[in-house]
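Participant: Predicted coordinates and the sequence they were generated for:
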Amino acid sequence: MKKIYNLFSKIALILAVLLVSCEGVLDEQPRAVLTPDFFNTGAGLEAALTAAYATNRYYYASEGGFNLTVAGTDEYHYGQQVPNNVWTVYTSITADEGSMNDAWRRAYEGINTANGIIELGPQLPIEEQPDNLDQIIAEAKFIRANWYFVLVRTFGGVSLDLGSGFLAFNNAPSSDQVRESEDAVYEVIIQDLLDAIDPTTGLLSERPNPGIAGHAWRASALHLLSKVYLARGWKDGSASDYQAALTHALELINNRAQYGVDLLPNYVDVHVEGNEWSPEVLFTVEWNGNVQYNNILDHGNSLNNGSNFYFREFYVQDVPGMVRDVANGRPWIRYKPTPWMMDVAFADKVNDQRYAGSFQDTWYANTTAPGIDIGDTAQYHVPKHMQDAFANEAAALAWAESKPYVVTFPDYVTSTSWSGVSRNEQNKHFPSLSKFDRVARPVAGTETDPNVASSRPFIVYRFAETFLVAAEAALQMGDNAAAVGYINEIRNRAGALPIVEADLVGAHGDAIDFILDERTRELTGEQMRWFDLKRTRRLLERVHQSNGTAAPSIYNRQYNGGVPMAGSEFLGPNPAERDYLRPIPQESIDAQTSNYPQNPGFN
Amino acid sequence: MLQLLSYFKPLRRWKQKVFLSLVLLIAISVTAWAQQITVSGTIKSSDGEALPGTNIIERGSTNGTVTDADGSFSFTTNANATLVISSVGFLTQEIAIDNRSVIDITLSPDVTALEEIIVTGYGTQKKSDVTGAIASINKETISEIPASDFARALQGRVAGVEFQNTSSRPGSDMQIRIRGNRSLGDADGESNQPLIVLDGIPYSGSLNSINQGDIESINILKDASATAIYGSRASNGVILITTRKGGTTGSRFTYNGYYGFSKPLDEYDVFNGDEYQEYVTLAGTNDLTADELESIAAGREVNWQDLLTDNAHIQNHELGFSGGNETTQYLASANYFQEKSAMPGQKFERFSLRLNLDHQATDRIKIGMNLFSSYTIREGEGVNIFGSLINYSPLMKPYNDDGTVNENLYAGHIDEPFNINTLLYKDESLFEDKRRASQTFISAFGEIEIIEGLKYRLNVGADLEFDRRGEFRAERLDAQSTNSADLENGHSWGYTLENLLIYDRTFADVHSLNFTGLFSVQEFEDATSKFGTTAITADYIQFYNFNLGSTSLADVDLRDRDKYTKWGLTSWMARLNYSYADRYALTLTFRTDGSSRLSEGNKWFSYPAAAFAWNVHNESFMSDANFFTDLRVRLGWGKTSNQAILPFQSQGQLVDIPYSFGVDGGELGYLVNNLPNPDLSWEFTNTINFGIDFGIINNRISGSIDLYKQQTDDILQTRRLPWTSGVRGDFQQNVGKTENKGLEVTLSGTIIEPAQSDGFRWDADLNFTTYKEEITQLYDTLSRDIGNAWFVGEPIDVIYDYQKVGIWQTGEEDLIDAFDPGRVPGDIRVADLDGDGVRTDNDRTVLGALNPDWTLGFSSRFSFKGFDLSFVLYGRVGGLILSRLHQNQSLEGRRNQLDLDYWTPTNPTNAYPRTGVQFPVYRTTMGYFDGTYWKVRNINLGYTFSSAAISKLGMGNVRAYVQILNPFKAFGSDLVDAGAIDPEPNGRNPVSDGTPTPGFGRRLIYDANAPIMRSFIFGLNLTF
């Protein structure tokens, strides 16, 4: 008994010791999920950088992103699949529109992730630090700057403290953010980019090789910084900002070889599939053919590159000889070029490669139909200059009647094919932006499937724009001669006739209209136009003039023998002063505990 | 032969005694009128055991004797005296001799005495000292209704505790709610689940692993003054399960077994051939197929339910061996249980073993252990073949002419590409869904008396579970895909270590003091991995080799399928019970829990409780009041929490986002999905409970009444962060409040008490429960959260929708256009609740709660001679039930369905809408039914063989019984009247389905699941 008694007291003693040491019981070690602590490791920091880049997929090449930048400009009107798209016609934009989330919501996710990298990276113990820690942090600053640049232009002043302090990585739930001024946001953007181009701690000067393409390098930041200075210059009328814009653009232009950058010899090659990492490209949002990381088979996924769908016209309806195929793409029929863009901006379709390099206006039959064999022309959108060559409307229509294929005219309606169809039907057929076409099918078994999302990287910034930024900055500083020089560099490359200083003067007696027209020719569809019009304060005028009822055209008017149909009056673009800013999503405002000011006119 | 003879020895002795007695009697009566006779006989308990040491006294004298080891006695007394027979644990009986010389007496157990000791958690208490609200359920009640687990057997038996089905498939778990819901957490999560404690150790396994017959008692702690000893896990009540132990009187073998034949209680009432033809023709959306036209011409029709279902059975066999002496007691039992449903491939089996051992090692040291191991096989838990079955046209051809299953039922029908023939499920090689779980649960204790009254006790428990579920479906069972297989492997383990210091003394005979101090540590870990594939090379490979399945990453998505949880809990607890002269009892409790689930600096919370009981019947002023044998008043208050926070929830979580750099490959990036939330804390429930226990007419009628009010604060709610936070996921905040008030009444009584022990006896038990649950605060000033269907002032689980008032009739077109444009006659008409003349979202309202208004359980037992007859009745009144079965009756004219009274121009009913519409607008309103029903759970008829006959066979006790489970369909149920088989829930709402009833989540519903069974059971209880 004594033995047992002793044994018992020993057990009790052991347990007494256990009592002291069992605090470990209360420590938690998750295993099946990653917690934010993961960012305190080298691998975590790299995964965070990947995620920060990935947030761009929600905005670039997404329908929401195009709605915020391409729709509602002088370049594009709504297509048949989204009639009266609020982003195009402005009248009913409310704080509940989903497209804003592709910027507002995703930007903050990207920014918070970048905040984490920038804040936690330097705190890593030496043994955890990746070799390229400086580069990672500089890339995070580039991403953060780019997102804030998207935000400040789209929404105005936004939040810089997400809940844990100024530009701090969020680590506790807070429902009480404040809106800062636009100036404060620009300060942050410029400081981040100045850090990013710092020769010692900033981004690398060499272009990343195609195996790791998508990472920002110094050229990306220089270009973006010049754009940011230009935008702030316009906002404040600040000569020093224009100068800084020019300086940084010229740094890139003059030292292009050092940064691995150059213009391609031919414009038509710029947007050819496979050229997404050409010397002209400065920054891309990446996609490739790997199914697991690109969702390309799950079309309509929010992380898709859907740019190959949105601009396609409805070539499979009312066009004998056409069925949906890979070469012509899947038509989502979202954005239709305005007559102004087709007829005025791209008036020169002969010398200037940029019309042919940007649009498809002819369709070749891919199936047989009465009178049409495979390979025959099935549809042709007649350009303005060709229409004007006809003696009169009757002659043009007679010519069209003589053709076995479908013909459209900028100003006329063919009596056989188009009479009596509603406006929405007419919004089906138009020259389609072809910059984003994707024919290659990297996934085996999908070779003939047109419903595959694009596996191309989306080109966000390219070197040709650097010249246009430089030109605009020079113009704003009154150096028209220099501006002409920069503009002619890209016109020459495109085969367009060179300009002289006198060509710059537009209706307002300044050169802004010319530079905007030139930007259309060079950059249409590349998710910039709304910002261009906003920056130059020509948004209201240009949208009203070029995207309204101004030009009689099948692209934007209801025709019934030339007379608008009764009861279907045109819902034209109606931007107002308030539309220089987009509304902040109501759901985000509602979640704030204290007042988060909405932009004027959207309450 | 020799042995056999020895069995007759007792009989011979008995005969001898009778003979001798007779001789004596004659001798006495002849020789003297002295009125002195010698009386002899045997005293037995009601279950046939001899009772040695029983006192027999002539009333009003000191003349008496004591029974010997065989329970026999013999003594001389006055011929017309009255004998007073008393034995500990039995009701004292008085019997007039009436000149008899042989008197065999059966003593009934003293119910109050048996319940004298109540398991209260970390110890036991005399019933008179119990201060909290505790429901005690004894062995007889637990094993009265045969079932796969005790929870099923206790449905409707305990006031304040609701046990509900989560599925009608064999082996499914029950949802247990003690005093309603408190938390707004997931309907099937931990936040409203009670804590289960098995032989003193918290148990996390499935209840169906535990053999019903092994359970000695179940004590359910309902109010916080009783549960506070379990602190942060106590809010939802605590179920204490105590298993049987060996006795001190020799060894005993027992066999308990039953076998039952089962048949579906009924069939779903669907359209027959003629009705179907009429309905399809009227709907006009589909033409009858060639097969169907042929059937019409041939006058044939099919009853699909009859074709698919088969006879089923339920069986249970249990062998026990128990015994012991003063120092060592043991019990070993082995059990096999099997329940097979009438559906192909749906079965539950259990093999379990138990060994309980207690040993008094020395005067001061006691050790013991409980070892329990079970292996369960559950088949078909995810197989629902009934949903499609009731949709089959009665005019289709189930079999081809050659007798094979017609796999192209829908030839020529719009659904041809989608359908298979469910009869294929009768070929069990085409599918498999089998979960095998093995569980081991061991608890051991050592106890040492340090000084008189002071004991140290160590409890150690280990809980180990392996679980493997394989699922396979052949291509023939899926019209649109290849074959597929999934495999899930789970492993969980946990341990509990408890150090208890117990001081138990009575001072000066009146001051009883019991102090219990506890330090405990518990950890639990659970890891599950799951993977699946498709396009497996050969069907027989099933889920046994994933290398023979598709290798495409798109088909084998491994992400987000593995789970891991681990939590730890460290606790200190002190409890003081003090009672004075059996009149006043006071319990003070304080527990403090540290939990790993909470953040650093926020891990520890404390739970105080206090309760007081007054045994009024022991007061001197009551000594003359013979009416009350027992009268006790209890008042208690306490604070507790539940486990509404999941492990790791306070740490935040990342989410992956795919990206690719460059020409090929890709990688996963991670960003913050949920922020760390160091402020997360438990939900706190304060309960005040007032109770009265009483016993009248010598405890012939006894009962309890409890009134309580619970208030839960800091209820966790999911809130959305503004997107400016840069974090996409929601976060949890402790903001809401709920309240629950209720009344529970339990009554037991002997309605007819026999004069003779084997005369006609009628006992009855009744329990009544009603409570009112209410959300008292949501976040901020929000009074309603429609997305979750939470409304201040309403219960937690409510149905929020339009109110169907009928069907729009022909001629009401103008009304329709004004109120609800787009509807046409024959569509569902909803009420204009906001009275604005137009149907808007504001016309939705809280239609009712899922909780009943009140429930009533009633059971009765009649006995006469050796016969006993009993039944259990359960009633649930008020509340709503949601029937997805009815919500899914589209009346489109495309499939068969319930035989509903649908609208046609010539049948202007207000019951169900017109045909020909795929998704009738407001079809959700077709699925709400009054939840009232009355149900007889079982009827049981048994016969206990007389001890004489049994002794002849050397047996202690033999009882045989027949029982009918679910003898009738439920009464008074709207849902049953509307074509359902049973009104009890048989499934959970599938969240993924985007249910159109707001906020319904994973709550219990009625759906087209396997019908419940009516079973005819034959059983035998033997004791050797």
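Facilitator: Good, I have the coordinates.
Participant: so who does residue B:864 touch?
Facilitator: B:758-761 (C-beta atoms under 8 Å, 6 or more residues apart in numbering or on different chains). Bear in mind the C-beta positions are built from the backbone N, C-alpha and C, glycine included.
Participant: could you point out which element follows the strand or helix carrying residue A:541?
Facilitator: Taking DSSP states H and E as the definition, one finds residue A:541 inside helix A:539-546. Next along the chain after helix A:539-546, taking DSSP H and E as the criterion, comes helix A:586-590.
Participant: Give me the average confidence score over that following helix.
Facilitator: Averaged across helix A:586-590, pLDDT comes to 89.
Participant: Then stretch B:174-190?
Facilitator: 85.
Participant: Next, the distance between the ends of that stretch.
Facilitator: Using C-alpha to C-alpha, to the nearest Å, the end-to-end distance of stretch B:174-190 comes to 13 Å.
Participant: Could you identify the buried members of the contacts of residue B:864?
Facilitator: Among the contacts of residue B:864, those buried by neighbour count (16 or more other C-beta atoms under 10 Å in any protein chain shown) are residue B:761.
Participant: and chain A, which of the contacts of residue B:864 reach it?
Facilitator: By C-beta under 8 Å from any C-beta of the partner chain, no member of the contacts of residue B:864 lies near chain A.
Participant: Please produce JSON lines containing the contacts of residue B:864, extended by distance to residue B:403.
Facilitator: As requested, these are exported to JSON lines (distance: C-beta to C-beta, whole Å):
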{"residue": "B:758", "distance to residue B:403": "59"}
{"residue": "B:759", "distance to residue B:403": "61"}
{"residue": "B:760", "distance to residue B:403": "58"}
{"residue": "B:761", "distance to residue B:403": "58"}
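Participant: secondary structure class for the nearest residue to residue B:680 once chain neighbours are set aside?
Facilitator: Excluding its sequence neighbours, the residue lying closest to residue B:680 (C-beta to C-beta, 6 or more residues apart in numbering or on different chains) is residue B:650, at 4.6 Å. Of the three states, residue B:650 takes helix under DSSP: H, G, I helix; E, B strand; the rest coil.
Participant: got a pLDDT number for residue B:650?
Facilitator: 88.
Participant: Contact partners for it?
Facilitator: B:597-599, B:602, B:676-678, B:680.
Participant: Could you do residue B:420 as well?
Facilitator: Contacts of residue B:420 (C-beta under 8 Å, 6+ apart): B:407, B:476-479.
Participant: pLDDT score for it?
Facilitator: 84.
Participant: Is it correct that it falls within a helix?
Facilitator: No - under three-state DSSP, residue B:420 sits outside any helix and is assigned coil.
Participant: roughly how far is the helix or strand encompassing residue B:771 from the heart of the chain?
Facilitator: Using DSSP H and E, residue B:771 falls within strand B:761-777. Remark: strand B:761-777 is offset 16 Å from the chain centroid, using C-alpha atoms, centre = their mean, to the nearest Å.
Participant: Give the buried residues for it.
Facilitator: B:761-771, B:773-775, B:777.
Participant: Show me what that strand is packed against.
Facilitator: strand B:731-752, strand B:854-864 (3 or more C-beta pairs under 8 Å, 6 or more residues apart in numbering or on different chains; DSSP states H and E).
Participant: That one versus strand B:854-864: what angle between them?
Facilitator: Put simply, strand B:761-777 runs at 170 degrees to strand B:854-864, going by axes from the mean of the first three to the mean of the last three C-alpha atoms, to 10 degrees.
Participant: which residues touch residue A:394?
Facilitator: Counting by C-beta under 8 Å, 6+ apart, residue A:394 has no contacts.
Participant: For chain A, what's its nearest residue on the stretch 751-900 of chain B.
Facilitator: When scored by C-beta to the nearest C-beta, the stretch 751-900 of chain B has residue B:780 as its residue closest to chain A, at 8.1 Å.
Participant: any idea how far residue B:481 is from that residue?
Facilitator: 47 Å (C-beta to C-beta, to the nearest Å).
Participant: next one: residue B:660
Facilitator: 29 Å.
Participant: which one of those two has more residues nearby?
Facilitator: Shown here are residue B:660 and residue B:481; by other C-beta atoms under 10 Å in any protein chain shown, residue B:660 has more neighbours (25 against 11).
Participant: My guess is the more buried one contacts residue A:284. True?
Facilitator: No - the criterion here is C-beta atoms under 8 Å, and residue B:660 misses it with residue A:284 at 11.1 Å.
Participant: Determine the residues that are contacts of both of the two.
Facilitator: With C-beta under 8 Å, 6+ apart, residue B:660 and residue A:284 have common neighbours residue A:214.
Participant: Apart from its neighbours in sequence, what residue is nearest the spatially most central residue of chain B?
Facilitator: Central residue of chain B (C-alpha atoms, centre = their mean): residue B:151, 2.4 Å from the mean position. In space, and not counting its chain neighbours, residue B:151 is closest to residue B:174: 4.0 Å by C-beta to C-beta, 6+ apart.
Participant: ok, the residue nearest to residue B:680 to residue B:716 distance?
Facilitator: From residue B:650 over to residue B:716 the distance is 11 Å, taken as C-beta to C-beta.
Participant: who touches both of those two?
Facilitator: In contact with both residue B:650 and residue B:716: residue B:680, using C-beta under 8 Å, 6+ apart.
Participant: Which secondary structure state is assigned to residue B:229?
Facilitator: Per three-state DSSP, residue B:229 ends up helix.
Participant: what does the stretch 501-603 of chain A put close to chain B?
Facilitator: A:585, A:587-589, A:591-592, A:596.
Participant: Tell me if the helix or strand hosting residue A:223 is near chain B.
Facilitator: Here residue A:223 sits within helix A:218-236, counting by DSSP H and E. No - shown here: helix A:218-236 not in contact with chain B (C-beta under 8 Å from any C-beta), separated by at least 13.9 Å.
Participant: helices or strands up against that helix?
Facilitator: helix A:133-155, helix A:182-196, helix A:239-254, strand A:281-285, strand A:458-462, helix A:463-476, helix A:529-535.
Participant: Can you lay out the contacts of residue B:650 as CSV showing secondary structure and neighbour count?
Facilitator: Converted to CSV, these look like this (DSSP: H, G, I helix; E, B strand; the rest coil; neighbours: other C-beta atoms under 10 Å in any protein chain shown):
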residue, secondary structure, neighbour count
B:597, coil, 24
B:598, coil, 24
B:599, coil, 17
B:602, coil, 15
B:676, coil, 21
B:677, coil, 22
B:678, coil, 17
B:680, coil, 22
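Participant: Show the pLDDT at residue A:9.
Facilitator: Listed pLDDT for residue A:9 reads 63.
Participant: Doesn't residue B:516 lie inside a helix?
Facilitator: No - applying three-state DSSP, one finds residue B:516 to be strand, outside a helix.
Participant: and the gap between the nearest residue to it once chain neighbours are set aside and residue B:607?
Facilitator: The spatial neighbour of residue B:516 that comes closest, neighbours along the chain excluded (C-beta to C-beta, 6+ apart), is residue B:575 at 4.5 Å. Residue B:575 is 11 Å from residue B:607, where distance means C-beta to C-beta.
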